[in-house]
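In: what follows is a protein structure lacking sequence information:
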Ligand SMILES: Nc1ncnc2c1ncn2[C@@H]1O[C@H](COP(=O)(O)OP(=O)(O)OP(=O)(O)O)[C@@H](O)[C@H]1O
Ligand SMILES: [Mg+2]
């Protein structure tokens with residue numbers, strides 16, 4: 001309620017004028033029975049036609065002024081209501097955008113939509129009606145009673161008793177129906193959820209021929225809402241007949257008693273007609289008041305639901321950014337200290353290569369550091385220290401005891417079965433969620449010490465489900481960098497292997513993107529989403545299963561391009577495909593929320609049973625054991641072997657190149673990428 005007043009306060013003059021004009025109109029209304037009374041007593045009884053016409057003229061004047069007052073009041077009330085709705089909508093939208101993943105997970109999108117639309121509309125019309133009628137109706141009811149007392153005290157008492165009975169009935173009905181209206185809004189949420197899910201998954205619904213069951217479910221929910229509305233409607237519907245009956249009984253009693261008063265001479269005939277008129281006015285106003293109260297109850301229920309969202313404070317916020325200034329320039333000391341360390345997991349799970357390759361994750365980090373030649377490279381670009389995370393309080397941890405370091409310029413592969421926690425892990429880096437234990441550091445600083453904007457500017461994220469927005473290709477590409485030039489955009493499109501199909505469409509950057517990018521194929525969307533992340537040239541690039549819809553040749557070309565075009569970018573490649581991550585500087589193997597191993601492909605294949613198993617489920621033993629040089633050559637063969645493996649047999653392909661000997665992992669993986677690119681180029685085409 002308090003919040004509502006802040007919007008109304010902006011238009012305070014209009015908010016005061018609207019009910020005042022309504023009261024003015026009510027005053028004119030209250031004069032009408034008096035004029036009619038005197039018309040009867042002084043005009044008709046004495047046959048003074050001139051007086052009757054004069055009074056008739058006066059009635060017309062009263063009606064005209066009343067009408068003008070009413071228009072003015074409604075104009076002001078509408079202005080205030082619309083301004084309130086607009087302000088509320090803007091603020092709610094802003095607030096929803098400040099909420100974190102956790103709050104949105106809890107609330108659900110459908111209820112947010114209902115609150116943004118139907119609830120705000122209810123509040124808007126509640127404000128409108130309240131300003132128009134809240135003063136007018138009681139004013140008329142009590143005004144009419146006062147006028148009745150001025151005509152006759154005994155008649156006034158009849159009014160007083162009638163009004164008390166009416167109030168009891170009206171409020172009784174309202175108190176019964178108010179919670180029912182609240183429940184209706186809740187049910188509307190559920191219908192919204194069903195509709196939304198159905199519309200979002202329209203293709204799946206059709207593909208599975210689920211229309212009938214979807215329609216059934218919708219019908220059930222809708223039926224439930226109808227029943228609830230009918231139930232509350234039945235009670236509300238009592239309002240009018242009951243008030244009519246009470247008022248008409250009162251009128252009958254008034255005429256019966258009034259006749260006696262006229263006979264006694266305590267009131268005139270005109271006075272009696274005026275009393276009956278006042279009683280009718282009370283009837284009309286009480287009905288309006290009852291409807292108004294129902295509307296206000298509904299509006300208040302809606303306002304409470306809206307307030308419920310405003311009350312949610314994002315768990316992830318900028319509250320803890322005192323160290324903000326220190327964030328952009330991590331200290332050299334921190335860098336030096338961290339360079340000397342090897343993460344616990346790397347030491348445990350990266351034993352020496354038996355064949356003498358001796359590539360530990362730490363030594364790979366050192367190579368990367370050398371390569372960049374940058375002092376900052378000593379500070380891990382991303383570091384997890386015994387991080388744990390649970391989606392809901394008290395629930396089982398989705399991630400436990402995660403420790404690793406990703407150095408500047410490194411490519412980190414993250415692999416694991418479905419539901420292993422890969423997406424959860426990378427969501428902790430841009431702080432979509434906060435860890436429940438341990439720490440996540442970016443450039444040597446705890447992510448909690450960053451201003452969210454600064455932190456997220458460092459990161460380019462390509463989510464698992466690519467989302468594009470309605471507009472042009474240019475507007476989509478400029479999401480991360482509003483002033484990105486066409487050249488920058490084209491460079492990003494080229495790296496993301498999206499340039500060719502964009503060129504083919506012939507519209508350049510003016511290419512129209514429909515809602516959710518539905519005029520692009522899954523693979524095209526993924527590549528555009530990658531390009532969008534690349535445009536801002538982030539320090540950390542996260543690709544969450546972003547090549548899942550790409551054919552192997554494009555996937556290989558993409559990885560090659562990312563490696564060569566991203567310079568010092570630290571790249572996280574999340575995938576379920578061994579072929580995607582095997583050339584990474586470090587591979588993190590996740591299993592049921594825990595790190596099962598960290599190291600290079602060769603190390604993990606030897607030492608990590610989970611990784612070993614994943615490899616053998618996707619590659620033949622020969623391919624899995626083959627040196628990295630030949631890896632990409634066999635990538636498509638590997639894919640074939642996966643599909644064949646599904647039917648029970650596995651195609652074992654022969655290694656095509658010898659082991660990498662004494663060269664570093666980076667050199668070897670570069671070679672492998674070259675081979676892959678050559679393959680991809682030979683292939684020349686992409687499957688979309
Ligand atoms: N928003 C959420 N609320 C509650 N639990 C969640 C939520 N998102 C994921 N989970 C749970 O956390 C676990 C890890 O999920 P996550 O999405 O990280 O898996 P993943 O490794 O990315 O899987 P995939 O390869 O299928 O994308 C799963 O058990 C999942 O049920
Ligand atoms: Mg995932």
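Out: Cool, got the structure. What you see is a predicted model; the values in this text were computed from it and never measured. Ligands and ions are numbered 1, 2, ... in the order given.
In: near ligand 2 at all, stretch 533-553?
Out: No - using CB under 5 Å from the ion, stretch 533-553 never reaches ligand 2; the gap is at least 5.9 Å. (Each C-beta comes from the backbone N, C-alpha and C, glycine too.)
In: can you list the weak-confidence ranges in the protein?
Out: 318-377, 627-688 (pLDDT under 70).
In: which bits of it sit near ligand 1?
Out: 105, 391, 398, 416, 418-424, 464, 545, 576 (CB under 6 Å from any ligand atom).
In: out of those, which are inside strands?
Out: Judged by DSSP state E, the subset of the residues of the chain next to ligand 1 located in strands is residue 416.
In: ok, so of the residues of the chain next to ligand 1, who is nearest residue 254?
Out: Nearest to residue 254 among those is residue 105, at 62.4 Å by CB to CB.
In: what distance do you get for that closest one to residue 400?
Out: 20 Å (CB to CB, to the nearest Å).
In: more neighbours, the two?
Out: Remark: of residue 105 and residue 400, residue 400 carries more neighbours, 19 against 13, as counted by other CB atoms under 10 Å.
In: please, which helix or strand holds that one?
Out: Assessed by DSSP states H and E, residue 400 sits inside strand 399-406.
In: who are the packing partners of that strand?
Out: Where contact means 3 or more CB pairs under 8 Å, 6 or more residues apart in numbering; DSSP states H and E, strand 399-406 is packed against helix 344-349, strand 382-389, helix 422-427, strand 437-442, strand 586-591, strand 594-599.
In: briefly note if the third one comes near ligand 2.
Out: Yes - using CB under 5 Å from the ion as the criterion, contacts between helix 422-427 and ligand 2 involve residue 423.
In: OK, contacts around the most centrally placed residue in the chain?
Out: The C-alpha lying nearest the average C-alpha coordinate of the chain belongs to residue 109 (CA atoms, centre = their mean; 5.2 Å). By CB atoms under 8 Å, 6 or more residues apart in numbering, residue 109 lies in contact with residue 196.
In: over to residue 390?
Out: 396, 397, 398, 436.
In: 6 Å instead?
Out: By CB atoms under 6 Å, 6 or more residues apart in numbering, the contact set of residue 390 is 397, 436.
In: tell me where the stretch 451-600 of the chain has strands.
Out: For the stretch 451-600 of the chain, the strands defined by DSSP state E, counting those that start in this stretch cover 459-462, 471-472, 512-513, 540-544, 570-575, 586-591, 594-599.
In: partner strands of the last one and their direction?
Out: Just to be clear, that refers to strand 594-599. Sheet pairing here is set by DSSP bridges, and for strand 594-599 it gives strand 586-591 (antiparallel).
In: how many degrees apart are the strand it pairs with and strand 382-389 in direction?
Out: 10 degrees (axes from the mean of the first three to the mean of the last three CA atoms, to 10 degrees).
In: any part of strand 586-591 near ligand 2?
Out: No - figure legend: strand 586-591 not in contact with ligand 2 (CB under 5 Å from the ion); closest approach 10.2 Å.
In: same check on stretch 399-410?
Out: No - contact of stretch 399-410 with ligand 2 (CB under 5 Å from the ion) is absent, the minimum separation being 12.4 Å.
In: please enumerate the helices of the stretch 201-350 of the chain.
Out: 202-207, 211-264, 269-311, 324-327, 332-339, 344-349 (DSSP state H, counting those that start in this stretch).
In: next, format the ones you listed as JSON lines and append distance to residue 32.
Out: JSON lines is the format used below for those (distance: least, CB to CB, whole Å):
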{"stretch": "helix 202-207", "distance to residue 32": "59"}
{"stretch": "helix 211-264", "distance to residue 32": "17"}
{"stretch": "helix 269-311", "distance to residue 32": "7"}
{"stretch": "helix 324-327", "distance to residue 32": "69"}
{"stretch": "helix 332-339", "distance to residue 32": "84"}
{"stretch": "helix 344-349", "distance to residue 32": "87"}
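In: among the ones you listed, which comes closest to ligand 2?
Out: Ranking these by proximity to ligand 2 (CB to the ion) places helix 202-207 first, at 18.4 Å.
In: how near is the closest residue to ligand 2 within the chain to residue 125?
Out: Proximity of the chain to ligand 2 (CB to the ion) peaks at residue 423, 3.1 Å away. From residue 423 across to residue 125, the span is 42 Å (CB to CB).
In: returning to what we had before: of the residues of the chain next to ligand 1, buried ones?
Out: 391, 398, 416, 420, 421, 422, 423, 424, 545, 576 (16 or more other CB atoms under 10 Å).
In: could you dump those to a markdown table with distance to residue 289?
Out: Shown next, in a markdown table, are those (distance: CB to CB, whole Å):
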| residue | distance to residue 289 |
| --- | --- |
| 391 | 48 |
| 398 | 54 |
| 416 | 64 |
| 420 | 62 |
| 421 | 58 |
| 422 | 60 |
| 423 | 55 |
| 424 | 55 |
| 545 | 60 |
| 576 | 64 |
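In: closest one of those to residue 267?
Out: Nearest to residue 267 among these: residue 391, at 75.7 Å, using CB to CB.
In: phi, psi of the closest residue to the closest one other than its chain neighbours?
Out: Nearest residue to residue 391 in three dimensions, chain neighbours excluded: residue 398, at 5.7 Å (CB to CB, 6 or more residues apart in numbering). Dihedral pair for residue 398: phi -80, psi -20, per degrees, to the nearest 10.
In: so residue 398 sits right up against residue 424, yeah?
Out: Yes - using CB atoms under 6 Å, residue 398 is in contact with residue 424, at 4.8 Å.
In: just to revisit the earlier point, could you dump the helices of the stretch 201-350 of the chain into JSON lines and include distance to ligand 2 and mean neighbour count?
Out: Converted to JSON lines, the helices of the stretch 201-350 of the chain look like this (distance: least, CB to the ion, whole Å; neighbours: other CB atoms under 10 Å):
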{"stretch": "helix 202-207", "distance to ligand 2": "18", "mean neighbour count": "12"}
{"stretch": "helix 211-264", "distance to ligand 2": "26", "mean neighbour count": "14"}
{"stretch": "helix 269-311", "distance to ligand 2": "28", "mean neighbour count": "20"}
{"stretch": "helix 324-327", "distance to ligand 2": "28", "mean neighbour count": "14"}
{"stretch": "helix 332-339", "distance to ligand 2": "28", "mean neighbour count": "15"}
{"stretch": "helix 344-349", "distance to ligand 2": "21", "mean neighbour count": "19"}
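In: out of these, nearest to residue 50?
Out: Of all the helices of the stretch 201-350 of the chain, helix 269-311 comes closest under CB to CB, at 17.1 Å.
In: who are the packing partners of that closest one?
Out: Judged by 3 or more CB pairs under 6 Å, 6 or more residues apart in numbering; DSSP states H and E, helix 269-311 is in contact with helix 12-38, helix 120-133, helix 136-151, helix 153-200, helix 211-264.
In: ok, now with 8 Å
Out: helix 2-10, helix 12-38, helix 49-98, helix 120-133, helix 136-151, helix 153-200, helix 211-264.
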